[in-house]
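# Show me how the following folds:
(chains A and B, ligands or ions: 1)
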Amino acid sequence: MTCSRKSRRDVLKAASAVALFPLPAIAQGRGPRVVVIGGGFAGATAARFLKRVDAKIDVTLVSDNATFIACPFSNHVVAGLRDMEAQRFGYGKVAADGVTLAFSAAQAVDTDKRSVRLADGKALPYDRLILAPGIDIDWKGLRGYDEKAAAVMPHAWKAGEQTLLLRRQLEAMEDGGKVVMSSPATLVRCPTAIYERASLIAYYLKTKKPRSKLLILDAKDTFSQRRNFQNAWKELYPTQLEWISLSQGGNVSSVEVSTRTFVTDFDNFDADVANVIPPQKAGAIAQAAGVADRTGWCPVEPISFESQLVPGIHVIGDAAMTGAMPKAAFAANAQAKVCAVAVAALLRGGKPAEPRLINTCYSFVAPDYGISFAEVFKPGNGMLVDVEGAGGSSATDAPPETRRLEAQYAEGWFKAIITEVFG
Amino acid sequence: MKATRVSAGVAAVLLMIGVARGAEAPAGASSCTGCHSAPSGVSAMRRLSGLPQAEIADKMIAFKSSAATATIMDRIAKGFSDEEIRAIAAWYAAQKP
Ligand SMILES: Cc1cc2nc3c(=O)[nH]c(=O)nc-3n(C[C@H](O)[C@H](O)[C@H](O)COP(=O)(O)OP(=O)(O)OC[C@H]3O[C@@H](n4cnc5c(N)ncnc54)[C@H](O)[C@@H]3O)c2cc1C
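Take a look at the predicted model:
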C-alpha cells in the first residue's frame, strides 16, 4: 500500500492553498481531501462511506496497526469461549473501496496548515479531518496502576495481548481461587461490557473451576441493564459471583501490584487474578489536536460531529462526547455513517441534514443467554438526546427462548457490523 | 493521477449505489445496517435493500404498536413516526438488493 504519493512541494502548496482560500475544495478544481485517523469501528466505517457518498473525495485512512483487533466478543475470548483469531480483521476491503491506507501512527495535527504529521515522517494535508482514535488508558487515574502494573493486573480493555493475558491467568488459576474485577466511577468505553465480562468469567468458573469466586468492586451503585444482570446472576451464578456496589464499599482507591491487592475505603481485597477496568480518555492524538477538553473527551456538535473546539476536525466513536450516546462499537459505526454524509455535504458547500441515530448493546450473561439495550437519538440542546418513548432494556421477565434468540441476534449483529466495517 | 486511483472496486461501488446517489438516505436509515447488512447468518436480520416498501413499513409499524412480536424492533421502531418509517422504507426499497 502506498501511503502518500504526493511530493513535499505538492503538500506544502496544497496546504497553503487551503489556508489562503477556505473555499469548498471542489471550487479549487480537485477532489477534496479527507484524512481519517484511526481504523476502528468509527474510522474505517467513515472512510468507506465517504467514498460511497462521493467517490471524488480523496480519503486517506491512518491506522497504527495493519490488523484491527475487535473488542466486542473479546469477553468470550477471555472466558475461553472463542478464538482470538475470530477478532482480527484486515483493511483489504477498505482499500478496495478506493481508500488510501497509511499504516503509521498520527503524531501531530497542524490545525492552521490543516496537515497531519505521521510517525514515519509523512505529512498529510486535509480539507477536513476525522478523528476516530478510540480510547487511551488514563495511567494517572488510579493510584498504583501504570503500564507495568497492567502486565500483572491486566485491564484487557483494548483487545489484543491484554485479552490473552487475562485468559491465561484464569486458565492458570487453581480451583478455589479468587478473581477480582474493579470498575471505576468515571466514563469508560462500553460500561455494560464490564458486567458481561463478569458474567462470562463466572460461567468459566462455574463450568471449569466451581470452587472459585469472582468479586466485582464497583465505584457505582447502578449500571445499565442492572436488573437483567442481577436476575441472571442469582439464577446462574449464585455462589460464583458477588457484586459490591459503591454504597457497600466497592470504590477502589488504589491497587498494590506486588500482592495483586485492591484497596478500597474500608478494606483490602487480595486476588489470584486481578482485572482492573481503569479510568480512560480519548486517544492521545485528540489531546495533540486540541479537540479534547478537561474531561479527556472531545465535545462535538450533534449533526456533523464537528469539534466544538477546533473547526474542520470531526470526532467520532469512543473519543467523542456526544451527550446521551454511549461509547459502543454500534454507536461508533452509526456516528461514522452520519459524519461521512455530513462531511461530504460540507465539502460541497452544503448544509448537512439533521440525523437520527440508533445504538444497541447486546450482552451475554451466558453463552446462550443474551440481553440488549437499545436507544434512538436525535439532536437537541447542542448534543444528542434520547428520543422519548423509544429504546430500553430487554424485558426482565422474558422467557429463556427470548434470551436464546437475543444471543443469536448478538452474533448476527457482530457479523453484520464487521461486514459493514471490514467486509 | 486521479485515473490511476479509481480502481475497479470503486467503479463497482459507484454502480451499486447509483440509485442512492440522487436521494440522500432519510434520517435514521443509515443506522439500520448496523444489524441488517448481509450476510448476518440470522434471517430476521436480513438485508433491507430491495425489499418492497410496504413490507418494511408495515412490519415497522406493527413492531411499533407491538402487534408483531419482537425481541428488539419494538424498542427501535418507537423512535420513528409513521411518516419517517415510510420514508426509510421507500429509500431501502429503492436500493439494490
Ligand atoms: C471488552 C469489551 C467488549 C465490548 N463489547 C461491545 C459490544 O458488545 N458492543 C458494542 O457496541 N461495543 C462493545 N465494546 C465497545 C467497542 O469496542 C468500542 O466502543 C469501539 O471499539 C469504539 O470504536 P472506535 O472506532 O471509536 O475505537 P477503536 O475501535 O478502538 O478504534 C480506534 C483505532 O484507532 C487507532 N489509533 C488510535 N490513535 C491512533 C493514531 N494516533 N494514529 C493511528 N491510529 C490510531 C487504534 O489503534 C484503533 O485501531 C466493547 C469494548 C470492550 C472493551
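# Show me where the stretch 1-150 of chain A has its helices.
With helices called from DSSP state H, counting those that start in this stretch, the stretch 1-150 of chain A shows them at A:8-20, A:41-53, A:74-78, A:92-96, A:147-150.
# Chain B now?
B:2-5, B:8-16, B:18-22, B:29-32, B:53-64, B:73-77, B:82-94 (DSSP state H).
# Tell me if the helix or strand containing residue A:420 is near the ligand.
Assessed by DSSP states H and E, residue A:420 sits inside helix A:400-422. No - applying Cβ under 6 Å from any ligand atom, one finds helix A:400-422 out of contact with the ligand, separated by at least 7.2 Å. C-beta here means a position set from N, CA and C on the backbone, and glycine is covered the same way.
# So which bits of that helix are buried?
A:402-403, A:405-418, A:420-422 (16 or more other Cβ atoms under 10 Å in any protein chain shown).
# Tell me how confident the model is about it, as a mean pLDDT.
Averaged across helix A:400-422, pLDDT comes to 96.
# ditto for stretch B:59-66
Rounded mean pLDDT across stretch B:59-66 is 97.
# which residues does the closest residue to residue B:93 other than its chain neighbours contact?
Spatially, and ignoring its direct neighbours in sequence, residue B:93 is nearest to residue B:53 (3.9 Å; Cβ to Cβ, 6 or more residues apart in numbering or on different chains). Residues counted as contacts of residue B:53 (Cβ atoms under 8 Å, 6 or more residues apart in numbering or on different chains) are B:86, B:89, B:90, B:92, B:93.
# Could you dump these into JSON lines and include distance to residue B:77, neighbour count and pLDDT?
Shown next, in JSON lines, are the contacts of residue B:53 (distance: Cβ to Cβ, whole Å; neighbours: other Cβ atoms under 10 Å in any protein chain shown; pLDDT from 0 to 100):
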{"residue": "B:86", "distance to residue B:77": "12", "neighbour count": "18", "pLDDT": "98"}
{"residue": "B:89", "distance to residue B:77": "11", "neighbour count": "24", "pLDDT": "98"}
{"residue": "B:90", "distance to residue B:77": "16", "neighbour count": "16", "pLDDT": "97"}
{"residue": "B:92", "distance to residue B:77": "14", "neighbour count": "25", "pLDDT": "97"}
{"residue": "B:93", "distance to residue B:77": "17", "neighbour count": "17", "pLDDT": "97"}
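# Dump these to TSV, plus distance to the ligand.
Output for those, formatted as TSV (distance: Cβ to the nearest ligand atom, whole Å):
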residue	distance to the ligand
B:86	28
B:89	25
B:90	28
B:92	23
B:93	28
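# how about the residue in chain B positioned nearest to the ligand, phi and psi?
Of all residues in chain B, residue B:34 sits closest to the ligand, at 8.8 Å by Cβ to the nearest ligand atom. The phi/psi pair for residue B:34 (degrees, to the nearest 10) reads phi -60, psi -30.
# Am I right that it is in contact with residue A:335?
No - contact criterion Cβ atoms under 8 Å: residue B:34 and residue A:335 do not qualify, at 10.7 Å.
# Looking at these two, which is more packed in?
Legend: neighbour count by other Cβ atoms under 10 Å in any protein chain shown for residue B:34 and residue A:335, higher for residue A:335 (32 against 26).
# Apart from its neighbours in sequence, what residue is nearest that one?
Spatial nearest neighbour of residue A:335, chain neighbours left out: residue A:316 (4.4 Å); criterion: Cβ to Cβ, 6+ apart.
# contacting residues around that neighbour?
Residue A:316 is in contact with A:42, A:43, A:46, A:130, A:131, A:132, A:300, A:305, A:332, A:335, A:336, A:339, counting by Cβ under 8 Å, 6+ apart.
# for residue A:270, same thing?
Residue A:270 makes contacts with A:178, A:259, A:260, A:261, as judged by Cβ under 8 Å, 6+ apart.
# swap the cut-off to 7 Å and go again
A:259, A:260, A:261 (Cβ atoms under 7 Å, 6 or more residues apart in numbering or on different chains).
# if I look at it, how far off is the ligand?
When distance is defined by Cβ to the nearest ligand atom, to the nearest Å, residue A:270 is 24 Å away from the ligand.
# What confidence value was assigned to that residue?
pLDDT, residue A:270: 98.
# Could you grab the helix/strand/coil label for the residue nearest to residue B:75 when sequence neighbours are not counted?
Spatial nearest neighbour of residue B:75, excluding adjacent residues (Cβ to Cβ, 6+ apart): residue A:374 at 4.5 Å. Secondary structure, DSSP: H, G, I helix; E, B strand; the rest coil: residue A:374 is strand.
# What residues does the stretch 101-250 of chain A have near the ligand?
Listed as neighbours of the ligand in the stretch 101-250 of chain A under the rule Cβ under 6 Å from any ligand atom: A:105, A:106, A:132, A:133, A:134, A:157, A:189, A:190, A:193, A:197.
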